[in-house]
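Chemist: Structure of the sequence below:
(chains A, B and C)
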Amino acid sequence: MTTDDGGRPGGESNPDDGDQPDDGGQLALVRARVRRTRARPSQAPAPSLPIARVAVDTPLAHLDRPFDYTVPERMHETCVPGCRVRVRFAGQDLDGYVLDRVAESAHRGRLAPLRRVVSAEPVLAPEVARLARSVADRYAGTLADVLRLAVPPRHARVEGESRPAHVGDETDRSGADRSEPAAGDEPADRPAQHELAGDADHGATRCEGPWGSYEAGPAYLQALRRGDAPRAVWSALPGEDWPRALATAAAVTLAGGRGALIVVPDHRDVARLDAACAEVLGAGQHVVLTAELGPAERYRRFLAVRRGSVRCVVGTRAAAFAPVEALGLVGCWDDGDDLLAEPRAPYPHAREVLLLRAHEQRCGALIGGYACTAEAAQLLATGWAHPVAGSRSTVRARAPRVSVAGESAAELARDPAARAVRLPHRAFEVARQALTTGPVLVQVPRSGYLPALACQNCRAAARCTACAGPVQQSGGREVPACGWCGRPAVAWRCPTCEGTRMRAPVIGARRTAEELGRAFPRVPVRTSGGQRVLESVGAEPALVVATPGAEPLPAEGYAAALMLDTWLALARADLRAGEETLRRWLNAAALVRGADQGGAVVVMGEPSVPSIQALVRWSPVAHAERELADRRIAGFPPTVRLAVIEGDGAAVSELTEFAELPETAEVLGPVPHGEDGVRLVIRTPRRDGVQLAEALKTAQASRSARKSAGTARVQIDPIAFG
DNA sequence: TCAATCCGTATC
DNA sequence: ATACGGATTGAC
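Modeler: Numbers count the residues shown, from 1 in each chain, chains lettered A, B, ... in the order given. As a prediction, the model looks like this:
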């Protein structure tokens, strides 16, 4: 606001001045008095629970705890737990959330009054507040940072609307008004809903949807309906209609009187799941929550969920915090997709948020995908979750036939056009054959990988012999060195083939793929990837060249798929390269018709590579178990807890000095990183992970308290580094 | 002996 | 960021 008197010609026109003659001192005195009385209205405390415990939105790590304020009488009604408030804090006005109303404060000393209740809407549900605290602790971050991810910005106009949500064709749910009581944590006595309840009571096959094909599927659904907390790692069968399966799980949860929350990596997935939910649940039973809705719509839908008028949420990673009432199921699809890792501090992973949530709220959890992450395998290994998978014979029946084609000169196709793209004879033949019956998918690696070195001989990524970090050729240095501990890779020897020479991978797959068209004249070539993603393709023959994750949905399944330049993807600096590559292949191969309908996949590469074997055998869990074992040996998450600290050299070393690390902590580095920065890696056994995060948080706090210069960014179990 | 100032620390 | 308390300093 810019209505101060200075900007006006002649103070008399200001209504506040009334008809007072301009007599200088007198006027100033009156003004001062008015201001004082306005600033201090009735400060009588609220008649009951006169203290508000407030989570103040400050970026300072050492102030990450609740602060108590008195609740003035006039705010008694509006100051409810979970509402937004404005408070005086350290001389400035800050936003905050009321965590609780209490009778007494433990604080010795004067309490300041709340300045303002921003709105009586209890946007921060108690269980979400608890979850946010756990997430902050797990990731060595602050509650304020997590709350910024968990609660969307307020949109005042939306709050006033009588009808809180545009939820499809909104059928008559009386919960649309805001008088509904908050979060009964008990998953009990909710009436089952609409057609679905009836549906569910009928024959098992109908309500099970796709789940009848999985060994523990029906039992899992029953447990969900009963109100139990079944936890599963779900290996989706090739060709599975996964959105329908997830929608069915949600439907069963809703029928049992509880809410459901499903998180998927991207907007294409959201769109498919949205459609499936509309079909399975009926209109108006679910809501989509994503960041790209825009502030008003996002807040509108968030409120609808918080007010209990919608009990099923699907969305992208931020939806993991959605305040679904009486939560019965959390689901996560394709948890290996790195879009599920939040890029803002404290960098929580949606799967981990959901797992924490399932644990705290005792609800079901369903971690599913065609692929399986080492983290999911760990859940199985510890017994925290149970497998839901098809039998070996079901898998065999539905999977396409997968074969491996070598890249050696002898196997290259004789056809000159195919030879130009280094296409092996077998791949050429399979594609040619398949193109008579339908579209053929060609998956090419995305460009832009970090240059890690690979074994010249077998092309396996080179790893440090001391700490198993990625070996890189940084700058103009002669000797390649480890990206983590900095140790030069002298006398390096490949653990796979005993080779002693390294090579830098060459990038340039895209052009290769485009040349494919010339090998198959008269066949239309369509591309999908980057900015231009093709949603779907028809059943007619076509070559569909796509980057991972951008594969168009085929109307009747692809007749075949080719995976090109596999060694390039496998040579990434990333420790997850093998797992990630397999995930991308499986996601593509899952779109191919089953072997019984002639569906075929040809993967170009070295047959002995574990990822390729896992694709051939369609054994994602076995691969993840192996990956987990490898990580245990090498000392990587999830078998250990790992902290990566990046920033200015001085800041990073100060942080490390302050941190009272667990005895078991192993410090690697620091090594130079980025523009005159450093990176340091600390790892501890999993059981000391809490201690590690706490130590780093405390160290951050003391850095923040003493206003130390520079920045030091802490990431716990980051998805990718090196 | 008192007040002005500096520094460190807490921030309800 | 700012506000406060205790310590320190400097002038009387």
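
Chemist: ok, the most centrally placed residue in chain A - contacts?
Modeler: Among the residues of chain A, A:L340 comes closest to the average C-alpha position under C-alpha atoms, centre = their mean, at 2.2 Å. Listed by C-beta atoms under 8 Å, 6 or more residues apart in numbering, the contact partners of A:L340 are A:263, A:265, A:317, A:332, A:349-351. (Each C-beta comes from the backbone N, C-alpha and C, glycine too.)

Chemist: Could you work out the most separated pair of the residues you listed?
Modeler: In the contacts of A:L340, the most distant members under the criterion C-beta to C-beta are A:P265 and A:H349, with 11.5 Å between them.

Chemist: residue contacts, A:E159?
Modeler: When contacts are counted by C-beta under 8 Å, 6+ apart, A:E159 is found next to A:119, A:121, A:299, A:303.

Chemist: What's the separation between the first one and A:R301?
Modeler: So that's A:S119. In this structure, A:S119 and A:R301 are separated by 17 Å, where distance is defined by C-beta to C-beta, to the nearest Å.

Chemist: And those two? Which one has more around it.
Modeler: Legend: neighbour count by other C-beta atoms under 10 Å for A:S119 and A:R301, higher for A:R301 (26 against 16).

Chemist: hey, where'd the strands end up in the stretch 551-700 of chain A?
Modeler: With DSSP state E, counting those that start in this stretch as the definition, the stretch 551-700 of chain A shows strands at residue ranges A:553-554, A:560-563, A:600-604, A:640-647, A:666-673, A:677-685.

Chemist: Adding mean pLDDT and distance to DNA strand B as columns, could you present these in JSON lines?
Modeler: As requested, these are exported to JSON lines (pLDDT from 0 to 100; distance: least, C-beta to the nearest atom of the strand, whole Å):
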{"stretch": "strand A:553-554", "mean pLDDT": "96", "distance to DNA strand B": "53"}
{"stretch": "strand A:560-563", "mean pLDDT": "94", "distance to DNA strand B": "55"}
{"stretch": "strand A:600-604", "mean pLDDT": "94", "distance to DNA strand B": "57"}
{"stretch": "strand A:640-647", "mean pLDDT": "96", "distance to DNA strand B": "21"}
{"stretch": "strand A:666-673", "mean pLDDT": "91", "distance to DNA strand B": "27"}
{"stretch": "strand A:677-685", "mean pLDDT": "95", "distance to DNA strand B": "26"}
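
Chemist: Those: which one's closest to DNA strand C?
Modeler: When those are ranked by distance to DNA strand C, counting by C-beta to the nearest atom of the strand, first place goes to strand A:640-647 at 19.6 Å.

Chemist: Return the set of buried residues in the lengthiest strand in chain A.
Modeler: The longest strand of chain A (DSSP state E) is strand A:92-102. Buried positions in strand A:92-102, judged by neighbour count with 16 or more other C-beta atoms under 10 Å: A:94-102.

Chemist: In a markdown table, list those residues along with pLDDT.
Modeler: Converted to a markdown table, those look like this (pLDDT from 0 to 100):
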| residue | pLDDT |
| --- | --- |
| A:L94 | 94 |
| A:D95 | 96 |
| A:G96 | 97 |
| A:Y97 | 98 |
| A:V98 | 98 |
| A:L99 | 97 |
| A:D100 | 96 |
| A:R101 | 97 |
| A:V102 | 96 |
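
Chemist: Do I have it right that A:Y139 meets A:E694?
Modeler: No: judged on C-beta atoms under 8 Å, A:Y139 makes no contact with A:E694 at a distance of 11.3 Å.

Chemist: who has more neighbours, those two?
Modeler: The neighbour count for A:Y139 versus A:E694, taken as other C-beta under 10 Å, is higher for A:Y139 (26 against 16).

Chemist: for the more buried one, what are its contacts?
Modeler: With contact taken as C-beta under 8 Å, 6+ apart, A:Y139 is in contact with A:346-348, A:693, A:715-716.

Chemist: Now, the residues you listed that are in strands?
Modeler: Secondary structure assignment by DSSP E places A:715-716 of the contacts of A:Y139 in strands.

Chemist: How about the residue nearest to the centre of chain A: what's its closest non-neighbour residue?
Modeler: A:A350 (4.2 Å; C-beta to C-beta, 6 or more residues apart in numbering).

Chemist: Can you tell me how far the one you found is from DNA strand C?
Modeler: Between A:A350 and DNA strand C the distance, using C-beta to the nearest atom of the strand, to the nearest Å, works out to 33 Å.

Chemist: Check the spacing between that residue and A:A374 real quick.
Modeler: Look at A:A350 and A:A374: by C-beta to C-beta, they are 16 Å apart.

Chemist: CA atoms only: put the helix or strand encompassing A:E159 into CSV for me.
Modeler: Taking DSSP states H and E as the criterion, A:E159 maps to helix A:156-160. This file holds the C-alpha atoms of helix A:156-160, laid out as CSV (Å, rounded to 0.1, in the frame of the first residue of the first chain):
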residue,chain,number,x,y,z
ALA,A,156,-8.3,-16.3,-0.4
ARG,A,157,-11.0,-16.2,-2.9
VAL,A,158,-11.1,-19.9,-3.3
GLU,A,159,-11.5,-20.3,0.5
GLY,A,160,-14.7,-18.3,0.3
